[in-house]
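K.L.:
return a 3D structure for these sequence lines:
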Amino acid sequence: MTIQNSVWLGTADLPTYEPLDADQETDVVVVGGGIIGLTTALHLRQEGLAVVLLEGGRIGARTSGNTTGKVTSQHGAIYAALLDRHGRDAAQQYATANQEAVDEVDELTRRLGIDCELRRGPSFVYSTGDTDLDREAEVARELGLPAHSADPADMGLPVTATAAVRFDDQVMLHPARYLGGLAAAFSAAGGRIFERTRVTDVDAKGDGVAAQTQAGHHVVARHAVVATLLPFGTLGGYFARTRPNQSHGIAVRLPVDAPTAMTISADGPTRSTRPWPGGGPSGLIVVGGDHETGAEEETNASYQGLVDWIEELWGTRVQPEYRWSAEDYSTPDQLPYVGKAPGSPVLVATGMHKWGLSNGTVAAGILRDAVLDRDNRWSALFDAGRIGDARSVAKLVQDNLKVGKEFAAGHLRRLLGSGLDHLEVGQGGLYDLDGKTVGAYLDHDGRLHTVVPVCTHLGCPLRWNEGDTTWDCNCHGSRFAPDGAVLDGPATKPLAEPES
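P.N.:
Residues are numbered from 1 along each chain as shown. Predicted coordinates:
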């Protein structure tokens, strides 16, 4: 039987915290309990500031706890493209920042005594087509990264690859246990964490800020850091400056020992692998099946594509023990946004491009220094207020035209069913109920959940994600549980219930 959960969240005993039940005052309020929020909060507490961290669900339970668990400066075949687009100085900064983040995660893990299966080893990017990896290796090496061209056979992955680049001394770990360790260290140092406390707005208040929760409580602070996947609501306009993307993952046991290195393909479809220590010597994790959030109707096919790939390579049937998905956002110029949001006193971080464990660690350092009014080497590169080059502007225009089409298409979408009478257990989708379109799902306990399938962020239509049993918005990436509860923003309000 396959468990629909991240292998990391399914095998971690994370600490738990109570919801906020009264107004608070503090030096810094951090919103979001993932890699960026927890690392930033810990940094600031270690600097002597009073810090309150608010998490809408459970710490680490969304994107950070659903990663591949790779902490690397090897982000696919990106360095030649960064050099060509942004110049040597920018490419150098990105490379150095992320390689230093790899070492910082290692140092934090050891100093705090976090048991998170941290291992150092090689990470390969390989090509099965025409991607020029010789130049990629040359550029990465010139930027000071521990990279060189390699024989694809060294990966131990039975793919027919034409070239490979090897990055030495990279890190893989159990991300949920790492996040739990950060949370425990923050709490032990006097930091305060409140779970199941969704923040709906952060406004200027006097010389500081006030974060308002869904339950009506306020946290007043001198500084606010919004470290959610995407800043909620319309804060900073990042919903229109990024695109949401979803990946799928599976954990399996092979009939033979699994490759011990981390790998990722440079050509599509993306296939990213790493060992799964919890699965023994044969344990393997594979992530891929990328698509824009809400754009794929048959998400079960994305999972099956990963299974098919494994079975083709090893010539045997496999049954995933865990399967899960994760969402992240990309920026038009391929660099994250970190710093002060335009027109707001709030500090933000978003657009990690699926490399949040390293980029997010970099972001936490930038956010810490911004709160402390200190210079940071990387803040200009990741400037949260930048517009970008001409290509970035063109991409923004193209993406927002697509969002406009999504608005219009929502009114014309074909309904999946004409009524709820024949809805089967585990089935969901759009249905016509007395002339009105409703979203419905019949769970495995026989309970029927119905919602108005319209995103509470800006009113885009939602699609049913069968593989993950979620309602997803293709406009800006909000995701909702079958009962309408918010899973990922920028939405902050649950879905409405149909009028009876």
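K.L.:
may I see the buried residues of stretch 441-458?
P.N.:
Across stretch 441-458, burial judged by 16 or more other CB atoms under 10 Å covers 441-442, 449-458. C-beta coordinates here come from the backbone N, C-alpha and C atoms, glycine included.
K.L.:
repeat for stretch 319-333
P.N.:
Under 16+ other CB under 10 Å, the buried positions of stretch 319-333 are 320-333.
K.L.:
name the nearest of those residues relative to Thr16.
P.N.:
Using CB to CB, Trp324 is the member of those that lies nearest Thr16, at 20.6 Å.
K.L.:
ok, now which ones touch the residue nearest to that closest one when sequence neighbours are not counted?
P.N.:
Counting by CB to CB, 6 or more residues apart in numbering, Ser6 is the residue found nearest to Trp324 once chain neighbours are left out, at 4.2 Å. Residues near Ser6 by CB atoms under 8 Å, 6 or more residues apart in numbering: 65-66, 176, 249, 322, 324, 326.
K.L.:
now, those that are in helices?
P.N.:
Ala176 (DSSP state H).
K.L.:
show me what the biggest helix by length in the chain is packed against.
P.N.:
As assigned by DSSP H, the longest helix anywhere in the chain is helix 88-112. Packing partners of helix 88-112 (3 or more CB pairs under 8 Å, 6 or more residues apart in numbering; DSSP states H and E): strand 70-71, helix 79-86, strand 163-172, helix 175-188, helix 356-371.
K.L.:
ok and that helix relative to helix 175-188, angle-wise?
P.N.:
70 degrees (axes from the mean of the first three to the mean of the last three CA atoms, to 10 degrees).
K.L.:
return the set of buried residues in helix 88-112.
P.N.:
Applying 16+ other CB under 10 Å to helix 88-112 flags 90-102, 104-106, 108-109, 112 as buried.
K.L.:
same question for stretch 146-163.
P.N.:
In stretch 146-163, counting by 16+ other CB under 10 Å, buried: 146-147, 150, 152, 155, 157, 159, 161, 163.
K.L.:
could I have it exported to CSV, CA atoms only?
P.N.:
In CSV, the C-alpha atoms belonging to stretch 146-163 read as follows (Å, rounded to 0.1, in the frame of the first residue of the first chain):
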residue,chain,number,x,y,z
PRO,A,146,33.7,22.0,-6.8
ALA,A,147,32.5,20.9,-10.3
HIS,A,148,34.1,19.0,-13.1
SER,A,149,33.1,16.9,-16.1
ALA,A,150,32.5,13.3,-15.2
ASP,A,151,31.9,9.9,-16.8
PRO,A,152,28.1,9.3,-16.6
ALA,A,153,28.8,5.7,-15.4
ASP,A,154,30.2,7.2,-12.2
MET,A,155,26.6,8.1,-11.2
GLY,A,156,25.6,4.4,-10.7
LEU,A,157,22.3,5.2,-12.4
PRO,A,158,21.5,2.9,-15.4
VAL,A,159,20.5,5.7,-17.8
THR,A,160,21.9,6.2,-21.3
ALA,A,161,23.6,9.6,-20.7
THR,A,162,25.8,11.5,-23.1
ALA,A,163,27.5,13.7,-20.5
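K.L.:
where does this structure have its least confident helix or strand?
P.N.:
Scoring the helices and strands of the chain by mean pLDDT, DSSP states H and E places helix 390-410 at the bottom, with a mean of 51.
K.L.:
pLDDT weak spots in this structure?
P.N.:
388-423, 500 (pLDDT under 70).
K.L.:
go again using 50 as the cut-off
P.N.:
390, 393, 407-408, 410-417 (pLDDT under 50).
K.L.:
what residue in it is the furthest from its centre?
P.N.:
Asp434 (38.6 Å; CA atoms, centre = their mean).
K.L.:
now for Ala61, how many residues are close by?
P.N.:
Other residues within reach of Ala61, judged by other CB atoms under 10 Å, total 21.
K.L.:
how about the helices and strands packed on helix 88-112 in JSON lines, adding distance to Glu138?
P.N.:
JSON lines is the format used below for the helices and strands packed on helix 88-112 (distance: least, CB to CB, whole Å):
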{"stretch": "strand 70-71", "distance to Glu138": "23"}
{"stretch": "helix 79-86", "distance to Glu138": "8"}
{"stretch": "strand 163-172", "distance to Glu138": "9"}
{"stretch": "helix 175-188", "distance to Glu138": "32"}
{"stretch": "helix 356-371", "distance to Glu138": "22"}
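K.L.:
next, Leu433: phi, psi?
P.N.:
Leu433 adopts backbone torsions of phi -130, psi 100, taken as degrees, to the nearest 10.
K.L.:
that one against Pro498, yeah?
P.N.:
Yes. With contacts counted by CB atoms under 8 Å, Leu433 reaches Pro498, the gap being 6.8 Å.
K.L.:
please identify which of the buried residues of stretch 441-458 is nearest to Glu138.
P.N.:
Distances from Glu138 to the buried residues of stretch 441-458, taken by CB to CB, are shortest for His457, at 43.8 Å.
K.L.:
leaving out the residues flanking it, which one is nearest to that closest one?
P.N.:
His457 sits nearest to Ala491 (CB to CB, 6+ apart), 4.0 Å away.
K.L.:
what sits against that neighbour?
P.N.:
232, 455-457, 473, 478, 480.
K.L.:
what's the helix or strand for it?
P.N.:
Following DSSP states H and E, there is no helix or strand that holds Ala491.
K.L.:
the nearest residue to Asp488 once chain neighbours are set aside: how many residues sit nearby?
P.N.:
Nearest non-adjacent residue to Asp488, counting by CB to CB, 6+ apart: Arg479, 4.3 Å away. As a burial measure, Arg479 scores 25 neighbours (other CB under 10 Å).
K.L.:
give me the beta-bridge partners of Arg479?
P.N.:
Counting by DSSP bridges, Arg479 forms beta bridges with Asp472, Asp488.
K.L.:
for it, give its distance to Leu83.
P.N.:
35 Å (CB to CB, to the nearest Å).
K.L.:
also Val202?
P.N.:
37 Å.
K.L.:
the two: who's more crowded?
P.N.:
Val202 (26 against 22).
K.L.:
list the beta-bridge partners for the more buried one.
P.N.:
With DSSP bridges as the rule, Val202 is bridged to Ala211.
K.L.:
wait, it sits on Gly236?
P.N.:
No. Using CB under 8 Å, Val202 makes no contact with Gly236, being 11.0 Å away.
K.L.:
can you get me a residue count around the closest residue to Cys455 other than its chain neighbours?
P.N.:
Of all residues not flanking Cys455 in the chain, Cys473 sits nearest, at 4.2 Å (CB to CB, 6+ apart). Neighbourhood size, Cys473 [other CB under 10 Å]: 28.
K.L.:
pretty sure Cys473 contacts Gly294?
P.N.:
Yes. Counting by CB under 8 Å, Gly294 is a contact partner of Cys473 at 5.2 Å.
K.L.:
which residues do these two both contact?
P.N.:
Common neighbours of Cys473 and Gly294 (CB under 8 Å, 6+ apart) are 462-463.
K.L.:
any shared contact partners between Val202 and Gly236?
P.N.:
344, 346.
K.L.:
can you map out the strands along the stretch 251-400 of the chain?
P.N.:
Along the stretch 251-400 of the chain, the segments classed as strands by DSSP state E, counting those that start in this stretch run 262-265, 271-275, 283-292, 322-330, 337-340, 347-350.
K.L.:
same thing with the stretch 1-150 of the chain?
P.N.:
3-4, 24-31, 51-54, 70-71, 119-127, 147-150.
K.L.:
tell me the most buried of these?
P.N.:
strand 70-71 (a mean of 28; mean count of other CB atoms under 10 Å).
K.L.:
list the neighbouring strands of that one plus their orientation.
P.N.:
strand 163-172 (antiparallel).
K.L.:
can you pull the buried residues of the partner strand?
P.N.:
Result for strand 163-172 [16+ other CB under 10 Å]: buried residues 163-167, 170-172.
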